[in-house]
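*Asks:* any chance you could fold what I've pasted below:
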Amino acid sequence: MLLNFIYPPVCGICGKINKKRLCTKCKNRLKKYEIDEIVDFRSDSTKHFDYQIKPFLYKDIIRTKILDYKFNEHAYLYETFEKMILNNKKIYGFLKNYDIILYVPMYRLSKWKRGYNQTELIARKIAKTLGIEFVKNNLVKTKNTKKQSTLTKLERKNNIKNAFKITDSKAIYNKNVILFDDIYTTGSTVNECSRIIKIAGAKSIAVLTIAVD
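*Replies:* Here you go, the predicted structure:
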């Protein structure tokens, strides 16, 4: 593509030209931040999702790159993050069993200011690689809430309550759903989203993030 001559693909970690968006050296560099866990929450009545997939720790270079992606207009990093997640064979194999992927939405004004939803870009790429359905604008945010990072655990739960809705229940009814977000801290946001998704009839939900704080 002509675009690749103007803006050649690079490894999102080191910035060197790399068609795969993640070079071998940086892939190995990231291993010390790997969690590589799939946690079963089906017996936990406080969780509305069934599984949590934990690829990486939210620290050092991973934290820096996520912040660049979200706040410094480094939208191209979505391809590197997708590679980081799906290069893990255990995680890839687990996610292949799912039917569709949803993503945690932004309030429309916030998305307009940033220019893109960081979770949407990665979720779309993950869906393409896995060969599953990407569902856009079904889970929507209806309230302009305070930033979760500024609140306590209890405040986060109350802040996000009833802030989301499903626009088309038929698209997720009886489906195994991946819910993607960028960071898992207290889990308040993905738990509330999962509650709404389960009410709409989802069969099961796996929460997937880049990193866990």
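
*Asks:* confirm that Cys193 sits in a helix.
*Replies:* Yes - when classified by DSSP: H, G, I helix; E, B strand; the rest coil, Cys193 is found to be part of a helix.

*Asks:* please tell me how far it sits from His74.
*Replies:* Per C-beta to C-beta, to the nearest Å, Cys193 is found 25 Å from His74. For every residue, glycine as well, the C-beta is placed using N, CA and C.

*Asks:* of the two, which one has the most company?
*Replies:* Of the pair Cys193 and His74, Cys193 is the one with more neighbours under other C-beta atoms under 10 Å, namely 26 against 16.

*Asks:* how much space separates that one from Lys96?
*Replies:* 22 Å.

*Asks:* again, but for Lys90
*Replies:* For Lys90 relative to Lys96 (C-beta to C-beta), the value is 11 Å.

*Asks:* Lys125 contacts Thr80, correct?
*Replies:* No - using C-beta atoms under 8 Å, Lys125 makes no contact with Thr80, being 10.1 Å away.

*Asks:* quick one, phi psi at Tyr51?
*Replies:* The phi and psi values for Tyr51, taken as degrees, to the nearest 10, are phi -140, psi 150.

*Asks:* contact partners for it?
*Replies:* Going by C-beta atoms under 8 Å, 6 or more residues apart in numbering, Tyr51 touches 38-42, 94, 204-207.

*Asks:* cool, and Gly131?
*Replies:* Under the criterion of C-beta under 8 Å, 6+ apart, the neighbours of Gly131 are Lys96.

*Asks:* next, it: phi, psi?
*Replies:* Torsion angles, degrees, to the nearest 10, at Gly131: phi 80, psi 30.

*Asks:* confidence score at it?
*Replies:* In this model, Gly131 is scored at 97, pLDDT.

*Asks:* and the gap between it and Lys96?
*Replies:* Taken as C-beta to C-beta, the span from Gly131 to Lys96 is 8 Å.

*Asks:* what of Asp181?
*Replies:* Asp181 is 20 Å from Lys96, by C-beta to C-beta.

*Asks:* for the two, indicate the residue with more neighbours.
*Replies:* Taking other C-beta under 10 Å, Asp181 and Lys96 do not tie; Asp181 has more neighbours (21 against 12).

*Asks:* any idea what the more buried one is bridged to?
*Replies:* Thr209 (DSSP bridges).

*Asks:* quick check, Pro8 in a helix?
*Replies:* No - read with three-state DSSP, Pro8 is coil and lies in no helix.

*Asks:* hang on, it packs against Asn18?
*Replies:* No - contact criterion C-beta under 8 Å: Pro8 and Asn18 do not qualify, at 9.0 Å.
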